[in-house]
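Enquirer: Below are the sequence and a predicted model for it; my questions follow.
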Amino acid sequence: MFIFSNFVLIPNSIFHWKLIYDEIIKQGLLEKSDDVADALLEMYAKCDMFEEAKEVFDTMQNPCTTSWNVLIAGYSQHGHNKEIQK
């Protein structure tokens, strides 16, 4: 099993996040765990990477309240208020 703690997450270190995302997809964890999906949403939202966040959100079968809150908060924090209304 892939160990995520081997990565040092540096803000805006897209390379590291891409490696983590690829491993999550490879292991099928995105579909198995809403917590993993929510963590990815938060990670992308904090880096103002909403295209990627929306992609993760759209793959979720039943986004929970936490998922919606993470996405909306991220849009708000980065001034994407028009996206919140969509």
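Expert: Here it is on my side, so go on.

Enquirer: pLDDT weak spots in this structure?
Expert: Counting by pLDDT under 70, the ranges of the chain that qualify are 1-13, 81-86.

Enquirer: quick one, helices of it?
Expert: Secondary structure of the chain (DSSP state H): helices located at 14-27, 29-32, 34-46, 50-59, 65-77, 81-84.

Enquirer: what comes into contact with the third one?
Expert: Around helix 34-46, the neighbours that count as contacts under C-beta atoms under 8 Å, 6 or more residues apart in numbering are 11, 17, 21, 24, 29-30, 50, 52-53, 56-57, 59-60, 64, 66-67, 70-71, 73-75, 77-78. In short, each C-beta sits where N, CA and C put it, glycine included.

Enquirer: Okay, angle between it and helix 65-77 too, please.
Expert: Comparing the axes of helix 34-46 and helix 65-77 via axes from the mean of the first three to the mean of the last three C-alpha atoms, to 10 degrees yields an angle of 0 degrees.
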